[in-house]
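Undergrad: My questions concern the predicted model and sequence given below.
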Amino acid sequence: MNIHFIAIGGAAMHNLALALHLKGDTVTGSDDVIFDPSKTRLEARGILPEAFGWYPDKITSNLDAVVVGMHAKADNKELLKAQDLGLKIYSYPEFLYEQSKFKTRVVIGGSHGKTTITSMILHVLHYFDRDVDYMVGAQLEGFDVMVKLTDENDFIILEGDEYLSSPIDSRPKFHLYKPNIALLSGIAWDHINVFPTWDIYVEQFKIFIDSIIKGGSITYNIEDAEVKKVVENSENTIRKFPYQTPDYIVENGITILETDEGSMPIEIFGKHNLNNLAGAKWICQQIGIDENDFYEAISTFQGASKRLEKIAETDNAIAYKDFAHSPSKVLATTNALKNQYPDRKLIACLELHTYSSLNPEFLNQYKGALAAADISVVFYSPRAVEIKKLQAISQQQIMDAFQSGDLIVYTNPEEFKDFLFSQKFNNMSLLLMSSGNYGGLNFDELKQLF
């Protein structure tokens, strides 16, 4: 096939482009700007656009498909040309479904945990040399690409994002996959620029459950009250498999999982990750991996990229960075690190960077999210608020929302850096949570303090 990508540089889009290139298709693309790692990875495969910008001449009747990413706008010149020519135009999830409609589709959905659960499943399958197609939102050890598509594999494992599909398709991505096997990890309000009320947000997960193929299955976190209600109230004719956090203990900074075969130390930690593990086990069993084999494989799983990623360690201090930014993720990640090292002082830092987190109406969702920390810090850029065209927020609003009496708020990246670099990392845990970089924080310099 000849396939053109409009906005090829996105994290998801460039991985799909690479997957199709490796599959043998002819891939071209355009974008107005492409950053690393997308740029380097596309260049290495010879499919980086020669020049940045939008070029309608690239859109011809010889194309079998055009895939349009969220970074493009509805009035994009290339998109308009493709529409004029009557070409088949796909969103990212539509194209993934088209490529997998004759496979068994396993879709992992939820407000949190979906990348980790998908990564766990793929790790276990890779451990036993079970080849599957997949799409996952993090780089995994042992995997060259984040999207793989073949003609011969029977299964495809898909991370099911609830965000919009494309600039001309306002349906959430996970509504389009039509899973045979699905998982729902949790529901916690997010993306308020798209789903302005809690009820509208929850409705998307009801639609997801109803999209499961008749006779299929939903594996669901019974500890999440909203998930339990949504799944158990669904009238879709599917099998329903609840899961919950397994028994475990923490000894000297090591998490030990209790199994039917005895106690087993594992690399990951935190109640939320043990809960994710339970969901992944159920899915692997439905794919054909028995429980004992699952435990053997999962004991070597060290986590998904950017999820509780250890960046520095000494005998009595440790530092992690994490992609956590929504309230539920911040709460779970902060609690996890404190529970893992209860006798160490915990400094938990959060950057408010996303549209939702910088919205005054949403801030109250963070109440208590940093309560487990001994020192809690919030950083945000007033300039980011302006760029997103949001109502200005004050440091006092943030302190009132988090309701943490000793909360420190920074808006200047240099002042935040000075705070970090002034710390004596002795008998201490440091947690840096952000989907950004704290206004340009150099993590390599920070590592030198340990």
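TA: Looks like it arrived, so ask away.

Undergrad: Quick check: the closest residue to residue 96 other than its chain neighbours vs residue 419, distance?
TA: Distances taken as Cβ to Cβ, 6 or more residues apart in numbering put residue 135 closest to residue 96, at 6.1 Å, once the chain neighbours are dropped. C-beta here means a position set from N, CA and C on the backbone, and glycine is covered the same way. Noted for residue 135: a distance of 39 Å to residue 419, by Cβ to Cβ, to the nearest Å.

Undergrad: Quick one: residues contacting the nearest residue to residue 120 once chain neighbours are set aside.
TA: Distances taken as Cβ to Cβ, 6+ apart place residue 280 nearest to residue 120, at 3.8 Å, with adjacent residues excluded. In this structure, residue 280 makes contact with 117, 120, 121, 124, 294, 298, judged by Cβ atoms under 8 Å, 6 or more residues apart in numbering.

Undergrad: can you pull out the helices in the stretch 1-150 of the chain?
TA: Assigned by DSSP state H, counting those that start in this stretch, the stretch 1-150 of the chain shows helices spanning 11-23, 38-44, 77-85, 92-100, 114-127.

Undergrad: Out of those helices, which is closest to residue 213?
TA: Closest to residue 213 of these is helix 92-100 (Cβ to Cβ; 12.0 Å).

Undergrad: average pLDDT for that closest one?
TA: If you average the pLDDT over helix 92-100, you get 95.

Undergrad: buried sites along stretch 49-57?
TA: By 16 or more other Cβ atoms under 10 Å, the buried positions in stretch 49-57 come out as 49, 54.

Undergrad: what distance separates the start and the end of that stretch?
TA: From its first residue to its last, stretch 49-57 covers 13 Å (Cα to Cα, to the nearest Å).

Undergrad: and if you look at stretch 142-153?
TA: Span of stretch 142-153 from end to end, Cα to Cα: 18 Å.

Undergrad: Quick one: list the elements packing against the lowest-mean-pLDDT helix or strand in the chain.
TA: Within the chain, judged by mean pLDDT, DSSP states H and E, the helix or strand with the poorest mean is helix 382-387; its value is a mean of 83. Using 3 or more Cβ pairs under 8 Å, 6 or more residues apart in numbering; DSSP states H and E, no helix or strand is in contact with helix 382-387.

Undergrad: roughly how far out does that helix sit from the chain middle?
TA: Computed by Cα atoms, centre = their mean, to the nearest Å, the separation of helix 382-387 from the middle of its chain amounts to 24 Å.

Undergrad: Tabulate the CA atom coordinates of that helix in CSV.
TA: Provided in CSV are the C-alpha atoms of helix 382-387 (Å, rounded to 0.1, in the frame of the first residue of the first chain):
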residue,chain,number,x,y,z
PRO,A,382,2.2,31.1,34.0
ARG,A,383,3.3,31.3,30.4
ALA,A,384,1.9,27.8,29.7
VAL,A,385,-1.4,29.0,31.1
GLU,A,386,-1.4,32.0,28.7
ILE,A,387,-0.4,29.7,25.7
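
Undergrad: Name the strands paired with the longest strand along the chain and say parallel or antiparallel.
TA: Longest strand in the chain by number of residues (criterion: DSSP state E): strand 345-352. Next to strand 345-352 in the sheet, as set by DSSP bridges, lie strand 375-380 (parallel), strand 428-433 (parallel).

Undergrad: between the helices of the stretch 1-150 of the chain, which one is nearest to residue 342?
TA: Closest to residue 342 of those, according to Cβ to Cβ: helix 114-127, at 22.8 Å.

Undergrad: Pairing partners for the closest residue to residue 318 other than its chain neighbours in the sheet, please.
TA: Leaving aside its sequence neighbours, residue 318 sits nearest to residue 429 (Cβ to Cβ, 6+ apart; 5.4 Å). The partner list for residue 429 in beta bridges (DSSP bridges) reads residue 318, residue 346.

Undergrad: burial count for residue 429?
TA: Residue 429: 24 surrounding residues under other Cβ atoms under 10 Å.

Undergrad: With distance to residue 411 and mean neighbour count as extra columns, can I get the helices of the stretch 1-150 of the chain in JSON lines?
TA: Output for these, formatted as JSON lines (distance: least, Cβ to Cβ, whole Å; neighbours: other Cβ atoms under 10 Å):
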{"stretch": "helix 11-23", "distance to residue 411": "27", "mean neighbour count": "21"}
{"stretch": "helix 38-44", "distance to residue 411": "30", "mean neighbour count": "16"}
{"stretch": "helix 77-85", "distance to residue 411": "38", "mean neighbour count": "17"}
{"stretch": "helix 92-100", "distance to residue 411": "35", "mean neighbour count": "21"}
{"stretch": "helix 114-127", "distance to residue 411": "29", "mean neighbour count": "25"}
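
Undergrad: Please identify which of the ones you listed is closest to residue 377.
TA: Per Cβ to Cβ, nearest to residue 377 of the helices of the stretch 1-150 of the chain: helix 114-127, 24.6 Å.

Undergrad: So what touches that closest one?
TA: 106, 108, 110, 131-132, 134, 136-138, 140, 142-143, 157-161, 183, 185, 273, 276-277, 279-280, 283-284, 287, 289, 293-294, 296-298, 300-301, 303-304, 307.

Undergrad: mind running it again at 7 Å?
TA: 108, 132, 134, 136-138, 140, 142-143, 157, 159-160, 183, 185, 273, 276-277, 279-280, 283-284, 289, 294, 297-298, 300-301, 304, 307 (Cβ atoms under 7 Å, 6 or more residues apart in numbering).

Undergrad: so how far is it off the chain centroid?
TA: That offset, for helix 114-127, works out to 13 Å (Cα atoms, centre = their mean).

Undergrad: Could I get the CA-only coordinates of it as CSV?
TA: Only the C-alpha atoms of helix 114-127 are listed here, as CSV (Å, rounded to 0.1, in the frame of the first residue of the first chain):
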residue,chain,number,x,y,z
LYS,A,114,-3.3,1.2,30.7
THR,A,115,0.3,1.8,29.4
THR,A,116,1.7,-0.3,32.3
ILE,A,117,-0.8,-3.1,31.9
THR,A,118,-0.3,-3.3,28.1
SER,A,119,3.5,-3.3,28.8
MET,A,120,3.2,-6.1,31.3
ILE,A,121,1.2,-8.2,28.9
LEU,A,122,3.7,-7.7,26.1
HIS,A,123,6.6,-8.4,28.4
VAL,A,124,5.1,-11.8,29.4
LEU,A,125,4.3,-12.7,25.8
HIS,A,126,7.8,-11.7,24.7
TYR,A,127,9.3,-13.7,27.5
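
Undergrad: Sweet, I'm off.
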